[in-house]
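> quick one, structure for this:
(chains A, B and C)
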Amino acid sequence: MTGTRPDKSKLYYPKMTPTWWLKRPNYILFMLREFSSVFIAVFLVVFLIQICQLTRGPEAYADFSQRLGSPGWITFHVVALLFALYHSITWFYSSAIVLPMRIGETEIPRNRVVALNLALLAVVSFVVLLLFISLQG
Amino acid sequence: MADKTITLKVARYRPGQDPAPTLQTYTIPYRQDWVVLDALNHIKDQVDGTLSYRWSCRMGVCGSCGMMVNGVPKLTCAAFLRDYHPREIRVEPLANFPVIRDLVVDITDFLDKLKRVKPWLIRKLEKPIAEGEYLQKPQELEAYKQFTQCINCMLCYSACPVYGLEPEFLGPAAIALGYRYNLDSRDQGREERQPVLGAHDGVWQCTFVGECSEVCPKHVDPAAAIQRSKVEAAKDWVKAVLLPWGQR
Amino acid sequence: MAEKKTIEPLWWALFSAGGVVAAFLVPIHIFIFGFAVPLGWLADTGAIYRHVWVKLYLFVLIALPLYHWAHRFYFTVNDMHLGVPRKPLALLCYGGAVVGTLVTAWVLLRI
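You can find the predicted model right below:
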């Protein structure tokens, strides 16, 4: 390729600051989505610790569960649930883009794929709830 | 029509003289049907001939006039003054690229990356002309057509925070164009593109922010191309791990 | 063809699997174990853990999203340009997920 290339010594190189993601609403939403994974992980670790209490006996397990009823823990779980649902919704949008669904030749519109996934989420949640209740005895 | 005006704050940078770009204010006539490019042309013709910027077709097909308009990467030939008036408009060079002068950025990095994905039809064996053209069904064309619409305007690179943070990232347009050729039924070059697309600074650096597809003026949806390329690259990786003797 | 092999596809695949599990299963589990049981809306006798398939389910539920977190968190911390060195961060994230997987298996086998 002929032609001149710019004089590198005179170029101005813009720098990105650590607060780059605060500059656009979409970037903030992106960061929230990424941080949802932290809340999900923390919840699962707390849940694992609760399960671990069973090695110390059923009273330890029930005791731990009762302590989760404190205002602090309830607040954490409210926030965690909101983030988990935000993860679910953004995940469904993403998966519609990564793996487009087709009926024959036509691609199903993305919003419909998201709606279908949300319906599936409701069904799966209901099934898990039923199983939890029915396996108590 | 009343003599309405609009204020533009335009980035100026004189190489070798200024330490950093500064904003220069111009107040110009406001016309209902003008785009930002018209405003810049008015400034250059009537107010300040020293202003430098790129433009060509002024109708959204050449990809030359990309700039940051109020912090958003846009084709200035497609950004109407009436969508901003009476607020002032800030025009700056395309983000994430080194600035040569005023609104002109150095695009050599993008051009180098574009070349690396080999955006042309690759055949293991070229068909002799006497055998006729490569036939392609309408459905085969549909499979990749959307990704052919790229005009190399680089708005996606300006919107991509990963490209800004990690300059070695291959970037949305280059990956989308590599994907476009991989999808083309006439192409047999997927293996050749694989080392570039499947490298760490290829598809894997993308964190699916998705802003590239938001700003693309031709609705190419490079974010989709990249994520689907990740699936393909993962499949290639599994094959390479399970079948290291390279069966194809 | 000699190309530099990257292990990223593996982490990305685990990240994707973890993301699916988290998307479909985590919300209801937060509801049950974060609200319903602690607040007394539902009883939890601990009897569910007697079933082997429940333990397998819980292993998948807990272990896979840890890889989802690891991959996302590693990239996010890097993207925030806070100057955190990469190799220790990768060890913390991906190593943490692996350790978490082993601990989960160990706990589920012991109860």
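
> next, the closest residue to chain C within chain A: secondary structure please.
The shortest separation between chain A and chain C is 3.1 Å, found at A:His77 (distances taken as C-beta to the nearest C-beta). (Each C-beta comes from the backbone N, C-alpha and C, glycine too.) When states are read from DSSP: H, G, I helix; E, B strand; the rest coil, the local structure at A:His77 comes out as helix.

> do the longest helix along chain C and chain A meet?
What stands out as the longest helix in chain C, according to DSSP state H, is helix C:52-79. Yes. Judged by C-beta under 8 Å from any C-beta of the partner chain, helix C:52-79 comes into contact with chain A through C:54, C:58, C:61-62, C:65-66, C:68-69, C:72-73, C:75-76, C:79.

> with adjacent residues omitted, what lies nearest to the residue of chain A closest to chain C?
Once its chain neighbours are removed from consideration, A:His77 has its nearest residue in C:Gly34; the separation is 3.1 Å (C-beta to C-beta, 6 or more residues apart in numbering or on different chains).

> need the contact list for the one you found.
Contacts here follow C-beta atoms under 8 Å, 6 or more residues apart in numbering or on different chains; on that basis C:Gly34 touches A:Phe43, A:Leu68, A:Trp73, A:Ile74, A:Phe76, A:His77, A:Ala80, A:Leu81.

> most surrounded residue in those?
A:Phe43 (25 neighbours; other C-beta atoms under 10 Å in any protein chain shown).

> hang on, that one packs against A:Ala84?
Yes. With contacts defined as C-beta atoms under 8 Å, A:Phe43 counts as touching A:Ala84 at a distance of 7.4 Å.

> overlap in contacts, these two.
Residues within reach of A:Phe43 and of A:Ala84 at once, by C-beta under 8 Å, 6+ apart, are C:Val26, C:Ile30.

> gap between the closest residue in space to C:Thr101 that isn't next to it in sequence and C:Val52?
Take C:Thr101 and drop its neighbours on the chain: the residue closest to it by C-beta to C-beta, 6+ apart is C:Ala63, 4.4 Å away. Distance of C:Ala63 to C:Val52, computed by C-beta to C-beta, to the nearest Å: 16 Å.

> contact partners for the residue nearest to C:Thr101?
For C:Ala63, the set of contacting residues under the criterion of C-beta under 8 Å, 6+ apart consists of C:Ala97, C:Gly100, C:Thr101, C:Thr104, C:Ala105.

> go with 10 Å
A:44, A:48, C:14, C:17-18, C:21, C:97-98, C:100-105, C:108 (C-beta atoms under 10 Å, 6 or more residues apart in numbering or on different chains).

> out of those, which are inside helices?
When DSSP H defines the helices, the subset of those inside them is A:44, A:48, C:14, C:17-18, C:21, C:97-98, C:100-105, C:108.

> give me the buried subset of the residues you listed.
When burial is judged by neighbour count using 16 or more other C-beta atoms under 10 Å in any protein chain shown, the buried members of the ones in helices among the contacts of C:Ala63 are A:Leu44, A:Leu48, C:Leu14, C:Ala17, C:Gly18, C:Val21, C:Ala97, C:Gly100, C:Thr101, C:Val103, C:Thr104, C:Leu108.

> for these, could you give me TSV that also reports pLDDT?
Supplementary listing: those in TSV, determined by pLDDT from 0 to 100:
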residue	pLDDT
A:Leu44	97
A:Leu48	96
C:Leu14	96
C:Ala17	97
C:Gly18	97
C:Val21	98
C:Ala97	97
C:Gly100	97
C:Thr101	97
C:Val103	97
C:Thr104	97
C:Leu108	95
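
> sketch out the low-pLDDT regions of chain B for me.
Counting by pLDDT under 70, the low-confidence segments of chain B come to B:1-2, B:246-248.

> and the longest helix anywhere in it, what does it pack onto?
Using DSSP H to define each element, chain B has its longest helix at helix B:222-242. For helix B:222-242, the elements it packs on are helix A:71-98, helix B:155-159, helix B:172-183, helix B:190-197, helix B:211-215, helix C:8-30, judged by 3 or more C-beta pairs under 10 Å, 6 or more residues apart in numbering or on different chains; DSSP states H and E.

> buried set for it?
Judged by neighbour count using 16+ other C-beta under 10 Å, the buried positions of helix B:222-242 are B:222-234, B:236-237, B:240.

> starting at the chain centroid, how far to it?
Offset of helix B:222-242 from its chain centre (C-alpha atoms, centre = their mean, to the nearest Å): 22 Å.

> quick check: angle from that helix to helix B:172-183?
Compare the direction of helix B:222-242 with that of helix B:172-183 by axes from the mean of the first three to the mean of the last three C-alpha atoms, to 10 degrees and you get 60 degrees.

> for the helix or strand hosting A:Phe132, buried residues please.
Element membership for A:Phe132 (DSSP states H and E) is helix A:110-134. Residues of helix A:110-134 classed as buried under the neighbour-count rule (16+ other C-beta under 10 Å) are A:Arg110, A:Val113, A:Val114, A:Asn117, A:Leu121, A:Ser125, A:Val128, A:Leu129, A:Phe132.

> pick out the residue closest to the middle of the chain.
Going with chain A. Centre of chain A computed as the mean C-alpha position; nearest residue by C-alpha atoms, centre = their mean is A:His87, 2.7 Å away.

> sorry, I should have been clearer: chain C.
Nearest to the mean C-alpha position of chain C, by C-alpha atoms, centre = their mean, lies C:Leu66 at 2.1 Å.

> contacting residues for the residue in chain A positioned nearest to chain B?
Closest approach of chain A to chain B (C-beta to the nearest C-beta) occurs at A:Lys10, with a separation of 3.6 Å. For A:Lys10, the set of contacting residues under the criterion of C-beta under 10 Å, 6+ apart consists of B:Tyr13, B:Arg14, B:Pro15, B:Gly16, B:Gln17, B:Asp18, B:Pro98, B:Val99, B:Ile100, B:Arg101.

> restrict stretch B:12-21 to CA atoms and write it as CSV.
Below are the C-alpha coordinates for stretch B:12-21, written out as CSV (Å, rounded to 0.1, in the frame of the first residue of the first chain):
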residue,chain,number,x,y,z
ARG,B,12,-9.2,21.5,17.3
TYR,B,13,-5.8,19.9,17.5
ARG,B,14,-2.7,21.1,15.8
PRO,B,15,-0.1,18.4,15.6
GLY,B,16,3.3,19.4,17.0
GLN,B,17,1.8,22.6,18.5
ASP,B,18,-1.1,21.7,20.9
PRO,B,19,-0.5,19.3,23.8
ALA,B,20,-4.1,18.1,23.6
PRO,B,21,-7.3,18.8,21.6
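
> and the gap between the residue of chain C found nearest chain A and chain B?
With C-beta to the nearest C-beta, the shortest gap between chain C and chain A falls at C:Gly34, namely 3.1 Å. In this structure, C:Gly34 and chain B are separated by 28 Å, where distance is defined by C-beta to the nearest C-beta, to the nearest Å.

> give the helix, strand or coil label for that residue.
Under three-state DSSP, C:Gly34 comes out as helix.

> next one: B:Gln24
Here B:Gln24 takes the strand state, with states given by three-state DSSP.

> these two touch, right, it and B:Asp18?
No. Distance between B:Gln24 and B:Asp18: 11.2 Å, which falls outside the contact criterion (C-beta atoms under 10 Å).

> shared neighbours, the two?
In terms of C-beta under 10 Å, 6+ apart, B:Gln24 and B:Asp18 are both contacted by the residues B:Arg12.

> so the closest residue to B:Val162 other than its chain neighbours, which of the three states?
Spatial nearest neighbour of B:Val162, chain neighbours left out: B:Phe169 (5.2 Å); criterion: C-beta to C-beta, 6+ apart. Classification of B:Phe169 into helix, strand or coil gives coil, according to three-state DSSP.
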